[in-house]
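Enquirer: here is my input; please provide its structure:
(one chain, ligands or ions: 2)
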Amino acid sequence: MEQVIGVIGGSGLYEMEGLQDVRSIVVETPFGAPSDEFVTGVLDGVPMVFLPRHGRGHRLLPTEVNYRANIYGMKKLGVTRIISVSAVGSMREEIVPGHIVIPDQFIDRTNATRSSTFFGNGVVAHIQFADPVCADLSADLYAAAQEAGATVHRGGTYICMEGPAFSTRAESNLYRSFGVSVIGMTNIPEAKLAREAEICYGVIALATDYDCWHESHDDVSVDAIIAIIKQNVAMAKSIIRNAVRRIGRERDCPCASALRYAIITDKAAIPDETRERLDLIIGSYV
Ligand SMILES: CSC[C@H]1O[C@H](OP(=O)(O)O)[C@H](O)[C@@H]1O
Ligand SMILES: Nc1ncnc2[nH]cnc12
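Expert: Ligands and ions are numbered 1, 2, ... in the order given. Purely as a prediction, here's the structure:
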C-alpha cells in the first residue's frame, strides 16, 4: 500500500515548499468544507498532502476549524500518517521558546463545541486512546528534529484549551500543577479523528512563549508568537523533510487497525445512510 504523508500546518505554516508535481485540490466531504484546498505533491520521492489548519491567511478560529472535514479529506487523499505542526506555549522552565517538543500525551480542556468523532447517527465506536499519538511516527519526528539541529524534548503532555483567548494566570498555574509540558488550542480533535480514521498522528510542537505563568517573561501575545515562528519556520520545514525521508516504509503500529475492535453496533442495525456516509472510514469492517 502506498504511504502518503499528510502535513497539517498550524499558526505560521501556511504552505510547504520544495514539493514537486504540485496540485491544489478542492476536496468535498460528508462533513462540510475543509480549512482550505489541499496541496498535493512529492517530496524526495514521497507523496505528500499539505493543509493549512486555519486556512491561508489564518481565517479560522481553533473552534471554527472543521477538523472532521480536514481529517476525512486527508483519508480521501490516501494519507496514512499525519504530521501536525503546532505553535504551543511552554509550561516548563526548561522548554525555552524556540525549542521543539514531540508530545506523547494530551489533556482535553475543550468545551465540547468541536465535533471530535466521525461516529453517531446509528453507529457507535469507542477507539483506544490511551496513547494518543503514534509512537513510531513520534520517534521519527524526534530523530528528524535532532538531525535538523533543533533542541528537542522527547515526550510531554499537550493540554488543549478552548481559546481563542489565552489562559488566565490562575488557569496557567493550574495547568502547570497538572504537570503538562505545553499548551495549545487545536491538537485534541485532530488526534481523536485521525485515530478513528486509522491514520497515524504525530506532533511537531514549536514552543513560542511561556504563556503567562513565568514571572520574568512577558505574558503571551500574538506578535511575540509570530516573531518566534518566523525565526523557526525554516527549522520546522527541515524537520519535516528529514522526517519524510525516514518515514516512507509500511506501517507496523496499532493505529493502522484502530477500528478493528472499536465498533460496537450490530452491523445489521447500522442505517444505510450512515453506512454510505462513513464508507471510507468503516467500509472494511461493516
Ligand atoms: C497564533 S497563537 C494561538 C494559536 O496558535 C496555535 O495554533 P496551531 O495549533 O494551529 O499552531 C494555537 O493552538 C492557537 O490556535
Ligand atoms: N500560550 C499559548 N496558549 C495557547 N495556545 C498557544 N499557542 C502558542 N502559544 C500558546
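Enquirer: which stretches in the stretch 151-286 of the chain count as strands?
Expert: If you assign secondary structure with DSSP state E, counting those that start in this stretch, the strands in the stretch 151-286 of the chain sit at 152-154, 157-161, 182-184, 200-209.
Enquirer: which of the helices or strands spans the nearest residue to residue 204 once chain neighbours are set aside?
Expert: Taking C-beta to C-beta, 6 or more residues apart in numbering, and ignoring the residues beside it in sequence, residue 204 has residue 85 as its nearest neighbour in space, at 5.0 Å. C-beta: built from backbone N, CA, C; applies to glycine. The secondary structure element spanning residue 85 is strand 79-90 (assigned by DSSP states H and E).
Enquirer: that strand vs strand 157-161, what angle?
Expert: Taking axes from the mean of the first three to the mean of the last three C-alpha atoms, to 10 degrees, one finds that strand 79-90 is oriented at 80 degrees with respect to strand 157-161.
Enquirer: ok, and what's touching the following helix or strand past strand 79-90?
Expert: The element immediately downstream of strand 79-90 (helix or strand, assigned by DSSP H and E) is strand 100-102. Contacting residues not belonging to strand 100-102 are listed as 88, 95, 138, 141-142, 145, 150-156, 158, 181-182, 202-207, 235, 239 [C-beta atoms under 8 Å, 6 or more residues apart in numbering].
Enquirer: how about 10 Å then?
Expert: Strand 100-102 is contacted from outside by 86, 88, 90, 92, 95, 133, 137-146, 148, 150-158, 181-182, 202-207, 232, 235-236, 239, using C-beta atoms under 10 Å, 6 or more residues apart in numbering.
Enquirer: just confirm yes or no for that strand near ligand 1.
Expert: No: residues of strand 100-102 are not located near ligand 1 by C-beta under 6 Å from any ligand atom, the shortest gap being 12.4 Å.
Enquirer: same question, stretch 41-52
Expert: No: Stretch 41-52 is not in contact with ligand 1 by C-beta under 6 Å from any ligand atom; minimum separation 8.8 Å.
Enquirer: measure how far that stretch is from the centre of its chain, please.
Expert: In this view, stretch 41-52 has its centroid 16 Å away from the chain centroid, taken as C-alpha atoms, centre = their mean, to the nearest Å.
Enquirer: stretch 52-68 too?
Expert: In terms of C-alpha atoms, centre = their mean, the centre of stretch 52-68 is set 12 Å apart from its chain centre.
Enquirer: for that stretch, what is the average pLDDT?
Expert: For stretch 52-68, mean pLDDT is 98.
Enquirer: flag every buried residue along it.
Expert: 52-55, 60, 62, 65-68 (16 or more other C-beta atoms under 10 Å).
Enquirer: likewise for stretch 205-218?
Expert: Counting neighbours by 16+ other C-beta under 10 Å, one finds that the buried residues in stretch 205-218 are 205-214.
Enquirer: rewinding a little: distance of the residue nearest to residue 204 from ligand 2?
Expert: Using C-beta to the nearest ligand atom, to the nearest Å, one obtains 12 Å as the distance from residue 85 to ligand 2.
Enquirer: would you agree that residue is in contact with residue 11?
Expert: Yes: proximity of residue 85 to residue 11 meets the contact threshold set by C-beta atoms under 10 Å, at 9.0 Å.
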